[in-house]
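Student: Return a 3D structure for these sequence lines:
(one chain, ligands or ions: 4)
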Amino acid sequence: MKLEHAMRQALERGHMQVHYQPQVAMASGAIVGAEALLRWTDPQLGPVAPARFIPLAEESGYIVTLGAWVLAQAVAEAARLRAAGTPLVVSVNVSALEFRQAGFVGRIAGLLAQHALPARWLQLELTESVLLQDAEEMRQVLAALAELGIGLAIDDFGTGYSSLAYLRDLRIERLKIDKSFVDGLPQNEGSRAIVQAILSMGAALGIQVVAEGVETAQQRELLAALGCTHYQGFFCAPALPAPELQALAAGVG
Ligand code: G
Ligand code: G
Ligand code: NA
Ligand code: MN
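Tutor: Ligands and ions are numbered 1, 2, ... in the order given. All right, here's what the predicted structure looks like:
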């Protein structure tokens, strides 16, 4: 596969990087976490969008290699941030194929041990589609992750084939309101109703809710008024190289 070859080469040549998008506590404005997002910059072509190559990496199975690399980078970065006195919860996107890999949980445990990182500083982001896979297999992996103390976030919440039962039955730490709903704020009444519903469900179930794709002060104000405690979005910052994230988190940037 041509693209897989290009991805492999990019990883080997250091053209892949992990950037980190800040996650902000509404009340204090403090950066309390960061989402690891893969970036590929080709020396000739320039940036290659993840939306283009991640789906192909998932199809070809190369996402397992790529995802393992992102996870190792992210755990190392979380440990560095903690050692530097700016500890942040680092969240990592995990595709279905990675999640189903034998040894996935063991590999995470190994990384945490290697970097002496307490599990609470790592969070995994799953989409709803991951949770709709083979229920028994899923349950075992989730139980093992819970045992380790790793938090789970549901990404793009409300856009997939939701089964609300998993919110009741599984130990989910946070829901991420998809950007498509935040985009509609404050004007679109439908978006606002959905956002409110997600927030009240989160509150009733004791699940933290994070709004994604916040771009304006107006959106942030409305979300805060509706009881949303955390946000992520260009209003704070896009995904940044690790040193820039750290400077911003330390209040230096
Ligand atoms: O990073 P945006 O900046 O363009 O990301 C586009 C899409 O790619 C998002 O759906 C995001 O979740 C996904 N993505 C980015 N980095 C990773 C990664 O490391 N692993 C997986 N599985 N998906 C990622
Ligand atoms: O699917 P996932 O939620 O992981 O994808 C996150 C995607 O959204 C990434 O591509 C990220 O760069 C992008 N993103 C994050 N914040 C904003 C924002 O405020 N505006 C826009 N347009 N994109 C954003
Ligand atoms: Na994500
Ligand atoms: Mn998302």
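
Student: which parts of the stretch 51-200 of the chain sit against ligand 1?
Tutor: Counting by Cβ under 6 Å from any ligand atom, the positions of the stretch 51-200 of the chain adjacent to ligand 1 are 51, 54, 63, 67, 70, 93, 95. Glycine gets a C-beta too; all of them are placed from N, C-alpha and C.

Student: rerun at 8 Å
Tutor: 51, 54, 57-58, 63, 66-67, 70, 92-95, 98, 125, 155-156 (Cβ under 8 Å from any ligand atom).

Student: Please check these and keep the buried ones.
Tutor: Burial by neighbour count, 16 or more other Cβ atoms under 10 Å: within these this picks out 54, 57-58, 63, 66-67, 70, 92-95, 98, 125, 155-156.

Student: show me which of these neighbour ligand 3.
Tutor: Near ligand 3, judged by Cβ under 5 Å from the ion, the entries from those are 93, 125, 155.

Student: Okay, and the last one sits in which element?
Tutor: I take that to be D155. Element membership for D155, per DSSP states H and E: strand 151-157.

Student: List the buried residues in whichever helix or strand comes after that strand.
Tutor: In the C-terminal direction, the helix or strand that comes right after strand 151-157 (DSSP H and E) is helix 165-169. Across helix 165-169, burial judged by 16+ other Cβ under 10 Å covers 166-167.

Student: so what does helix 165-169 touch, helix or strand wise?
Tutor: Packing partners of helix 165-169 (3 or more Cβ pairs under 8 Å, 6 or more residues apart in numbering; DSSP states H and E): helix 189-205.

Student: And the helix it packs on, what does it pack against?
Tutor: Using 3+ Cβ pairs under 8 Å, 6+ apart, helix 189-205 sits against helix 165-169, strand 174-177, helix 179-183, strand 208-211.

Student: Can you pull out the low-pLDDT segments for the stretch 151-253 of the chain?
Tutor: Along the stretch 151-253 of the chain, the parts satisfying pLDDT under 70 run over 252-253.

Student: quick check: angle from the helix or strand where S91 lies to strand 151-157?
Tutor: For S91, the element it lies in under DSSP H and E is strand 89-93. Going by axes from the mean of the first three to the mean of the last three Cα atoms, to 10 degrees, strand 89-93 is angled at 50 degrees with respect to strand 151-157.
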